[in-house]
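S.K.: I would like the atomic coordinates for the input below:
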Amino acid sequence: MNIGKKTYIFWFMKRSTIQDEMFPACPVRNILARLCDKWALLVIYILDMSGKENMRFMEIKQHMPDISQRMLTMTLRTLEEDGYVSRTVFAEIPLRVEYALTERGKSLKPMLDPLLQWAYDNMDVIMQDRKKSMSQNV
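M.R.: Numbering: from 1, shown residues only. Prediction:
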């Protein structure tokens, strides 16, 4: 993708990809690409900060009004496939499905909390730099 004078190459792991064929031993391509997509960390954060052991789909969705139901479903499936989130289906009418962090998901907390704090602490200056850069590239 060309933006101004710079060329950017974006690489995202497809949700259907189990392991990067070209770089099978690369943790960035095989783990972090899926974990650090647009929504996954936010879902993990919401499940962690809810104060509840389990959350239903619509409870999660209420905290993320800008995500479509389809995208939230895909994100939860990916997190479940990778072992960060558990999904429990209750045979009730209507069907009840609850999501919870697994031990692996909970193990992200010691790294996620400082990362989020860093983001809060630096957001204003990063946004200023971003605006400045965008105005220079026009």
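S.K.: could you pull out the helices for the protein?
M.R.: Ranges of helices within the chain are 27, 33-35, 40-49, 57-62, 69-81, 103-106, 109-136, based on DSSP state H.
S.K.: Tell me which of these sits nearest to Glu92.
M.R.: With distances scored as CB to CB, the stretch of these nearest to Glu92 is helix 57-62 (14.2 Å). All C-beta spots, glycine's among them, are computed from the backbone N, C-alpha and C.
S.K.: residue contacts, Asn30?
M.R.: Met13, Gln19, Asp20, Phe23, Pro24 (CB atoms under 8 Å, 6 or more residues apart in numbering).
S.K.: circling back to that earlier point, output the helices of the chain in a markdown table; the columns should cover mean neighbour count, mean pLDDT and distance to Ile93.
M.R.: Listed next are the helices of the chain as a markdown table, based on neighbours: other CB atoms under 10 Å; pLDDT from 0 to 100; distance: least, CB to CB, whole Å:
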| stretch | mean neighbour count | mean pLDDT | distance to Ile93 |
| --- | --- | --- | --- |
| helix 27 | 9 | 79 | 43 |
| helix 33-35 | 17 | 84 | 34 |
| helix 40-49 | 18 | 95 | 26 |
| helix 57-62 | 15 | 96 | 16 |
| helix 69-81 | 16 | 96 | 21 |
| helix 103-106 | 14 | 96 | 29 |
| helix 109-136 | 10 | 94 | 36 |
